[in-house]
Each structure stands twice: as structure tokens, then as C-alpha cells.
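Enquirer: Let me see the structure of the following:
(one chain, ligands or ions: 1)
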Amino acid sequence: MTKQDDPPGTPARRAAMRLLDAVLRKGLPLEAAMASATAELDRADDRGFAHAIAAEALRRLPDLDALIDSATPKPMPDDAKPRFALRIALVQALALNTPAHAAIATVLPLVDGGPRRLVHGVFGTLIRRGDRLPDPPHLPVAVGIRWARAWGDAAAEAARYGIAQPAPIDLTLKVDDAALVAELGGVTLAPRHVRLPAGTAVEELPGYGEGRWWVQDIAASLPARLIGAAPAGGTAIDLCAAPGGKTMQLATAGWDTTAIDLSRTRLGRLMENMDRVGAKARMIVANAAVWSPDAAADVVLLDAPCSATGIFRRHPEVLHRARPRVIKELAEQQAQLLAHAATMVRPGGRLVYATCSLERSEGEEVADAFAVPGYAIDPVRVDELPHGFAPDAAGYLRVPPGTLAEAGGADGFFVARWRREA
Ligand SMILES: C[S@@+](CC[C@H](N)C(=O)[O-])C[C@H]1O[C@@H](n2cnc3c(N)ncnc32)[C@H](O)[C@@H]1O
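Expert: Okay, the predicted model is just below:
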């Protein structure tokens with residue numbers, strides 16, 4: 001059947017299948033794949049539905065695949081089209097409340113001939129058997145093993161609940177403002193912080209237009225919290241700065257801030273964000289691996305590009321994109337960026353390295369291997385942190401899965417801080 005002959009409902013499923021393909025076979029982030037995968041959909045609700053199907057399939061991929069494998073006579077390759085079609089049909093029927101007949105009728109046009117019969121047969125078998133998807137979902141096997149080894153079985157188990165529950169929305173306030181906190185409602189877990197329920201329409205909240213807050217997970221706010229307020233005339237360099245959550249924190253804490261990012265487009269978003277909150281920084285499009293400032297700074301923050309496995313609750317695709325080779329390459333890049341960042345700090349100043357990764361190789365291992373002469377670790381103290389966070393024995397801050405679980409959780413994060421002594 002051609003695309004023109006698609007029955008109603010099928011174009012959104014076709015777009016969902018393209019999204020899954022873009023993430024799993026091409027390694028793209030889900031959001032980055034949206035424009036091209038949903039280009040044929042005119043309606044915003046269809047685009048939203050395609051996104052919802054793909055995101056839920058990514059959350060539940062290992063469990064969907066286990067079901068499919070339990071009902072196929074011979075193993076189907078990971079990238080086989082019938083497997084993609086079955087993932088799309090099953091996730092709708094078993095997790096998104098689409099009636100089974102509609103879930104399969106809208107997906108069958110995506111495959112032809114023998115594969116279509118296979119998809120129909122496997123789907124029918126699983127629905128007749130009354131199989132269910134487990135709750136909470138399982139992590140991909142390799143991720144589950146890695147995280148259990150790194151953070152313990154309880155943390156790996158907590159990550160499964162992290163996949164299951166939509167993450168709350170955290171706001172960082174421009175200034176401490178009790179009246180605004182009361183107006184926003186929600187819960188405050190740290191100074192200048194408000195937590196609101198998942199799904200809150202942020203544009204409709206008080207203070208959005210006036211730029212009195214920005215969206216930032218509480219864990220992502222910790223690197224700049226560990227830098228603190230600026231002394232008079234204090235200078236900060238924010239390497240890898242866009243879209244600017246931490247730049248806004250630094251600038252509003254009084255730092256004379258220079259923000260660097262490789263991406264002109266992302267730096268444009270940083271500029272818009274800074275304008276909205278009325279904060280100022282120097283912005284430079286540059287490669288932080290080679291750029292050098294005219295003068296050394298009091299503080300250099302390297303919020304390095306990473307696998308982003310710490311944000312798996314909001315972006316489930318990171319669990320599948322973060323293959324060992326990708327993690328290794330990013331860790332090597334972080335070590336290089338960190339060594340170069342160390343050349344930008346004045347004697348007596350501080351260097352902060354952070355990643356939103358849950359991989360030791362993109363945190364503890366890079367920090368342990370940092371060996372630029374003249375630097376000493378500046379251990380994170382528990383009294384600098386919001387309740388529920390704690391430094392480890394090395395003085396690093398690690399935020400593993402399960403942190404703040406009773407309050408709605410936190411993204412996975414790592415922060416290390418050094419002082420330049422000479
Ligand atoms: C983890 S994000 C930064 C998030 C940001 N610090 C914040 O709080 O909003 C990583 C950023 O690093 C940038 N980047 C990647 N490689 C870079 C490089 N070699 N030099 C400068 N920026 C780089 C990316 O464009 C991306 O915007």
C-alpha cells in the first residue's frame with residue numbers, strides 16, 4: 001500500500017516508526033528526529049501522538065522485545081521492519097490504551113506481504129495470551145548490569161521506577177522570592193527552587209513572561225550552586241554553556257560571565273534565555289578544546305558533552321544511544337576539555353567539571369585521572385547541598401538513580417571541584 005492510501009491513523013504510526021528508526025538505527029536524539037519524521041503530519045496532535053508512541057516504545061523496548069521474541073518462531077533481527085511494526089502496535093495496545101484492533105489495523109499498512117502476516121500473527125498470539133508489559137519497565141540489559149555494578153542493585157531498581165513515572169518539573173528562580181514561591185505552589189527543595197508536578201504547562205505559570213525563573217532539574221542546578229555567589233568583580237567562564245541553565249545561574253549570582261559553545265544555534269537559544277530572564281553574559285561561538293581567554297578567570301565551569309544517561313527519565317532514548325564505544329569517546333573528549341579548561345583558571349581560582357551522565361567513566365574516572373599540576377581537589381561538603389544529596393568519600397558529588405525518590409527523583413549527575421593552588 002502506498003502512503004497516499006494510508007487509512008486514517010496510519011500516518012501517525014508511520015511517523016512513530018520513523019522516529020524509532022532514527023533513534024535506534026541512526027543514533028539520533030528523539031527531539032532532533034521529530035521535524036523530519038513527522039513532516040507529513042499536518043496536525044500538532046498527530047505529531048504529539050507519534051512522539052508519545054515512540055517515547056513509550058523506547059521506555060519499554062526491552063520488555064516489548066522480550067514479548068516479541070517469546071512469540072516468534074525464529075529470532076528476528078533487532079533492526080527488522082516487522083520488529084519495529086510490532087513494537088509500535090504492542091506499545092499502543094499494552095501501554096497506551098489503544099484498543100488492540102485499532103493498534104494492529106493502523107500498523108499493518110507499514111509492512112507488506114510475508115512480514116505483514118508475521119506481524120499480524122505475532123500480535124494476535126500475544127493479545128490472545130493476555131500478556132502484559134511489566135511495571136516498572138526493565139532497563140536494557142547492558143545498562144542494568146552497568147548501573148547495578150556502579151551504583152548498587154537498589155539504585156538500578158530505582159532507575160526502573162524512574163522510567164515508569166513522569167519526571168516532575170523543577171524551576172530555578174532568578175532571585176529568592178517567597179511571594180513567587182507561594183504563587184507558583186509546589187514544593188521547595190533548595191533555595192531558589194520550586195518543584196511542580198509532571199506535565200505542568202510552564203508557559204502559563206506566573207513569572208514566565210517576566211523571566212523570573214527557568215526550567216532546570218534540581219540536580220542540574222548543583223554545579224553552579226557549588227560555585228556560589230560572586231565576590232565583587234568575580235569572573236566566570238562557562239564552557240559548553242548552551243542552552244544556558246547554568247549560565248543564567250552564574251550571571252544572576254553576580255559573576256561576570258563568558259559563555260562558550262560550539263553550536264551557534266544552541267548559543268542563539270542561550271541568548272534568548274538570557275534575554276527572557278534579563279541576565280547578561282559575553283557569548284562566544286568557539287571550540288572549548290582550543291579556545292583561550294584573554295585573562296584567566298576566578299571560576300571555570302566545564303559542563304561537558306556526555307552520553308546524557310542521567311536524563312533517561314525525560315529522554316528514554318539515551319538508554320539505547322549510549323553504547324560503550326560512544327561513552328568511551330565522550331569520556332576521552334571530556335578529559336581533553338578538562339585539561340584545557342585547567343589552563344583558564346587563575347591561581348587561587350576554582351575549576352568545576354560536571355556531566356549529566358550515570359557512567360563512572362564520564363565522571364569519577366575522568367576526575368580521578370585529572371593530573372594537571374597545581375590543582376587540589378576542593379571537596380564538596382554536605383552542608384553546601386540541598387537535603388537528600390551527599391558527597392562521596394573522594395569529595396565528588398554523585399547523584400545516582402533513586403536520589404530524592406520520595407520527592408519525585410532527580411536527574412543523574414556528577415560534579416567535581418578543584419582549587420588551583422599555583
Ligand atoms: C551538556 S550540554 C550543556 C548544558 C548547559 N551547560 C546548560 O546548563 O544549559 C553540552 C553543550 O556542549 C556544547 N559542546 C560540545 N562540544 C563542545 C566543544 N568542543 N566546545 C564548546 N562547546 C561544546 C554543545 O553544543 C552543548 O550545547
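
Enquirer: Name the residues that touch stretch 322-336?
Expert: The list of residues contacting stretch 322-336 from outside it, by Cβ atoms under 8 Å, 6 or more residues apart in numbering, reads 27, 142-143, 289, 302, 304-309, 353, 355, 357, 359, 361-362, 365-366, 369-370. To be clear about C-beta, it is placed using only N, CA and C from the backbone, and glycine gets the same treatment.

Enquirer: again, only using 6 Å
Expert: 289, 304, 306, 307, 309, 359, 361, 362, 366 (Cβ atoms under 6 Å, 6 or more residues apart in numbering).

Enquirer: try stretch 314-321
Expert: 23, 24, 27, 30, 58, 59, 140, 143, 167, 308, 309, 312.

Enquirer: how near is the spatially most central residue of the chain to the ligand?
Expert: Nearest residue to the geometric centre of the chain (Cα atoms, centre = their mean): residue 311, 2.9 Å. When distance is defined by Cβ to the nearest ligand atom, to the nearest Å, residue 311 is 9 Å away from the ligand.

Enquirer: do residue 411 as well
Expert: 11 Å.

Enquirer: check contacts around residue 119.
Expert: 82, 85, 86, 111.

Enquirer: please redo it, this time with the cut-off set to 8 Å
Expert: By Cβ under 8 Å, 6+ apart, residue 119 lies in contact with 82, 85, 86, 89, 104, 107, 108, 111.

Enquirer: pLDDT of the helix or strand where it lies, averaged?
Expert: Element membership for residue 119, per DSSP states H and E: helix 113-129. Averaged over helix 113-129, pLDDT sits at 95.

Enquirer: try stretch 9-17
Expert: 95.

Enquirer: which residues sit against the strand of greatest length in the chain?
Expert: Ranked by residue count under DSSP state E, the longest strand found in the chain is strand 345-355. Residues outside strand 345-355 that contact it (Cβ under 8 Å, 6+ apart): 222-223, 226-227, 295-304, 306, 310, 334, 338, 341-342, 362-363, 366-367, 370, 374-375, 378, 413-422.

Enquirer: what sits against residue 181?
Expert: Residue 181 is in contact with 173, 188, 194, counting by Cβ under 8 Å, 6+ apart.

Enquirer: where does residue 275 land in three-state SS?
Expert: Here residue 275 is recorded as helix under DSSP: H, G, I helix; E, B strand; the rest coil.

Enquirer: Tell me which residues touch it, please.
Expert: Per Cβ under 8 Å, 6+ apart, neighbours of residue 275: residue 211.

Enquirer: pLDDT at it, what is it?
Expert: The model reports residue 275 with a pLDDT of 96.

Enquirer: any idea how far it is from the ligand?
Expert: Distance from residue 275 to the ligand, by Cβ to the nearest ligand atom: 15 Å.

Enquirer: Please tell me how far that residue sits from residue 59.
Expert: As judged by Cβ to Cβ, to the nearest Å, residue 275 and residue 59 stand 35 Å apart.

Enquirer: for residue 330, same thing?
Expert: Relative to residue 59, and taking Cβ to Cβ, residue 330 is found at 23 Å.

Enquirer: now residue 156
Expert: 16 Å.

Enquirer: again, but for residue 422
Expert: In terms of Cβ to Cβ, residue 422 sits 49 Å off from residue 59.

Enquirer: Between these two, tell me which one has more neighbours.
Expert: Taking neighbours as other Cβ atoms under 10 Å, residue 422 and residue 59 compare with residue 59 leading, 22 against 8.

Enquirer: Pretty sure that one sits against residue 163.
Expert: Yes - contact status for residue 59 versus residue 163: in contact at 5.2 Å, counting by Cβ atoms under 8 Å.

Enquirer: shared neighbours of the two, which are they?
Expert: Shared contacts of residue 59 and residue 163, counting by Cβ under 8 Å, 6+ apart, come down to 137, 316.

Enquirer: burial of residue 150, as a residue count?
Expert: Counted with other Cβ under 10 Å, residue 150 comes out at 17.

Enquirer: next one: residue 145
Expert: Applying other Cβ under 10 Å, we find 12 residues neighbouring residue 145.

Enquirer: Residue 414 now?
Expert: Using other Cβ under 10 Å, residue 414 has 29 other residues around it.

Enquirer: Ramachandran angles for residue 214?
Expert: Per-residue torsions, residue 214: phi -140, psi 160 (degrees, to the nearest 10).

Enquirer: ditto for residue 363
Expert: The phi/psi pair for residue 363 (degrees, to the nearest 10) is phi -160, psi -100.

Enquirer: Could you pull up the residues touching it?
Expert: By Cβ under 8 Å, 6+ apart, the contact set of residue 363 is 355, 357, 396, 398, 414, 416.

Enquirer: mind redoing it with 6 Å?
Expert: With contact set as Cβ under 6 Å, 6+ apart, residue 363 has these partners: 355, 414.

Enquirer: For stretch 85-93, C-alpha coordinates in PDB please.
Expert: Provided in PDB are the C-alpha atoms of stretch 85-93 (Å, rounded to 0.1, in the frame of the first residue of the first chain):
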ATOM      1  CA  ALA A  85       6.000  -2.600  13.500                       C
ATOM      2  CA  LEU A  86       5.300  -4.900  16.400                       C
ATOM      3  CA  ARG A  87       6.900  -2.600  18.900                       C
ATOM      4  CA  ILE A  88       4.600   0.200  17.600                       C
ATOM      5  CA  ALA A  89       1.400  -1.900  17.700                       C
ATOM      6  CA  LEU A  90       2.100  -3.600  21.000                       C
ATOM      7  CA  VAL A  91       3.100  -0.500  22.900                       C
ATOM      8  CA  GLN A  92      -0.200   1.100  21.900                       C
ATOM      9  CA  ALA A  93      -2.300  -1.900  22.900                       C
END
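
Enquirer: returning to that earlier point: would you check which pair of the contacts of stretch 314-321 lies furthest apart?
Expert: Using Cβ to Cβ, the contacts of stretch 314-321 span at most 23.3 Å, a distance reached by 27 and 167.

Enquirer: that older thread, mean confidence score for the longest strand of the chain?
Expert: 98.

Enquirer: CA atoms only for it - export them in PDB, please.
Expert: Extracted as PDB, the C-alpha positions of strand 345-355 are listed here (Å, rounded to 0.1, in the frame of the first residue of the first chain):
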ATOM      1  CA  VAL A 345      41.800  29.300  35.900                       C
ATOM      2  CA  ARG A 346      43.800  32.000  37.800                       C
ATOM      3  CA  PRO A 347      45.900  30.800  40.800                       C
ATOM      4  CA  GLY A 348      43.500  30.600  43.800                       C
ATOM      5  CA  GLY A 349      40.600  30.100  41.400                       C
ATOM      6  CA  ARG A 350      38.300  27.100  41.000                       C
ATOM      7  CA  LEU A 351      37.600  24.500  38.300                       C
ATOM      8  CA  VAL A 352      34.300  22.600  38.200                       C
ATOM      9  CA  TYR A 353      33.700  19.600  35.900                       C
ATOM     10  CA  ALA A 354      30.100  18.300  35.600                       C
ATOM     11  CA  THR A 355      28.200  15.800  33.400                       C
END
